[in-house]
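In: Provide a 3D model corresponding to the input given below.
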Amino acid sequence: MSGKDIIAIIGSREPTEYQCQEVMRIIGTLDKATQRVVSGCAYGIDALALEEASDRGFETVGILPWYSYNQDIQKFCTSVWVISDFPEDKRDKAYQSVQ
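Out: Down below sits the predicted model:
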């Protein structure tokens, strides 16, 4: 993966209009030459962040719980990482963070 800074954007699956506008505003302040956007490919803020960043030419990374997760959102990802492919210790930490 590139040496760009990681900007993780995650949020509500049912965002308010204000939250959506803020995500778009924040992405507008980022630098695609030095930063990439990472999110979880869930519907709502995650999907909006990936789509907006992709539309603006950013490198985008989707972190997936499994390969077939929300494939319609994956199309906005430059690359995807699947948690089940992580080394065991990192995978366990990822699953624990969700619980």
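
In: tell me the pLDDT at the spatially most central residue of the chain?
Out: Per CA atoms, centre = their mean, the C-alpha nearest to the average position across the chain is that of Ser39, at 1.4 Å. Listed pLDDT for Ser39 reads 97.

In: using the three-state scheme, assign Tyr69.
Out: Per DSSP: H, G, I helix; E, B strand; the rest coil, the local secondary structure of Tyr69 is coil.

In: identify the residues contacting it.
Out: Counting by CB atoms under 8 Å, 6 or more residues apart in numbering, Tyr69 touches Cys41. Quick note: C-beta positions are derived from backbone N, CA and C, even for glycine.

In: for it, give its distance to Gln99.
Out: Per CB to CB, to the nearest Å, Tyr69 is found 18 Å from Gln99.

In: where along the chain do the helices fall?
Out: 17-29, 45-55, 71-74, 88-98 (DSSP state H).
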